[in-house]
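[1] build the 3D model from these lines:
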Amino acid sequence: MLTNHNDIKAWLETMNIKSYTINDTGTVTVDGDVDISRKGLTEIPVQFRIVYGYFSCSRNRLESLNGSPPEVGRDFYCSYNGLKSLEGSPREVGGGFFCSHNSLKSLNCSPHEVGGDFYCSDNQLESLNGSPSEVGGNFNCSFNRLPSLEGSPREVGVGFFCWNNRLKSLEGSPQEVGGDFYCVDNSLTSLNGSPREVGGNFDCSYNSFNTSPKCDTIINGQLFWK
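    Purely as a prediction, here's the structure:
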């Protein structure tokens, strides 16, 4: 981690980061966006403090999020890296949080609440414990190894997508989903544990149902099961 102000300044300018302040502690505040994606980085060598715009470190070779800002005003992107942990990720994110296409087995250290979308698809997740308690946009945990939905957010503002996992039950689902609910391509034999209310369509096709499954969910769209 760089600590010398001149070294920090040189790195920030190499990354074309504007409108920054190097604080007395050596941390960096940015009154705008930070885009350090596709730079071949194996680490983030400065400690960001607050980024008021979006922060993107996607498509690098990062194995750690150390150096990431604890607070991001808009979206946070860390997809397409080699992350095995979200340690070091922001605690507060005003927009969306995108950590898809890594090697994550856990969502521990995720932000507590996310104002926009939360995408953790295409990882190696075996549990959703550590997920934000509330997600304002879409929540996508598809293409993982999830045996259950325990640990899901309590409320999802838009859609919930958990297709292509190892689900045999929907126990642990969010209580309310504002938009569509997709649990396609799992091993479900019933819809026990499904949300209380789904604002859009409920798609549970490509599972193991022999007949139309019983569903107590209030669905404002349509139920698809085959």
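
[2] packing partners for the helix or strand bottoming out on mean pLDDT in the chain?
    Within the chain, no helix or strand scores below strand 113-114, which has a mean of 88 by mean pLDDT, DSSP states H and E. On a contact count with 3 or more CB pairs under 8 Å, 6 or more residues apart in numbering; DSSP states H and E, strand 113-114 meets strand 134-135. Quick note: C-beta positions are derived from backbone N, CA and C, even for glycine.

[3] report the distance from the strand it packs on to the chain centre.
    Relative to its chain's centre, strand 134-135 lies at 10 Å (CA atoms, centre = their mean, to the nearest Å).

[4] so T21 sits right up against V28, yeah?
    Yes - between T21 and V28 there is a contact under CB atoms under 8 Å: 7.1 Å.

[5] more neighbours: which of those two?
    Just comparing T21 and V28: by other CB atoms under 10 Å the higher neighbour count belongs to V28, 24 against 11.

[6] that one bridge partners, please.
    When assigned by DSSP bridges, V28 has beta-bridge partners I22, F48.

[7] quick one: contacts for it?
    V28 makes contacts with 8, 12, 20-22, 46-49, as judged by CB atoms under 8 Å, 6 or more residues apart in numbering.

[8] are any of those buried, and if so which?
    Neighbour counting by 16 or more other CB atoms under 10 Å classes 8, 12, 20, 22, 46-49 among these as buried.

[9] nearest to Q222, of those residues?
    Relative to Q222, the closest of the buried ones among the contacts of V28 is F48; by CB to CB it sits at 44.9 Å.

[10] doesn't G26 make contact with the closest one?
    No - the pair F48 / G26 is not scored as a contact, 10.9 Å apart, by CB under 8 Å.

[11] give me the common contacts of the two.
    By CB under 8 Å, 6+ apart, no residue touches both F48 and G26.

[12] ok, now how distant is R91 from L146?
    24 Å (CB to CB, to the nearest Å).

[13] which one of those two has more residues nearby?
    Higher neighbour count among R91 and L146: L146, with 23 against 13, using other CB under 10 Å.

[14] got a list of what that one touches?
    Going by CB under 8 Å, 6+ apart, L146 touches 125-128, 162, 165-167.

[15] residue ranges in the chain under the pLDDT threshold?
    Within the chain, no stretch falls below the threshold (pLDDT under 70).

[16] how about the closest residue to E63 other than its chain neighbours, what does it touch?
    Residue nearest to E63 in three dimensions, not counting chain neighbours: G82, with 4.9 Å by CB to CB, 6 or more residues apart in numbering. G82 makes contact with 61-63, 102-103, according to CB under 8 Å, 6+ apart.

[17] which of those sits closest to G179?
    Distances from G179 to these, taken by CB to CB, are shortest for N102, at 25.3 Å.

[18] returning to that earlier point: in a markdown table: the contacts of G82, plus secondary structure and distance to T211.
    Listed next are the contacts of G82 as a markdown table, based on DSSP: H, G, I helix; E, B strand; the rest coil; distance: CB to CB, whole Å:
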| residue | secondary structure | distance to T211 |
| --- | --- | --- |
| R61 | coil | 49 |
| L62 | coil | 48 |
| E63 | coil | 48 |
| N102 | coil | 39 |
| S103 | coil | 39 |
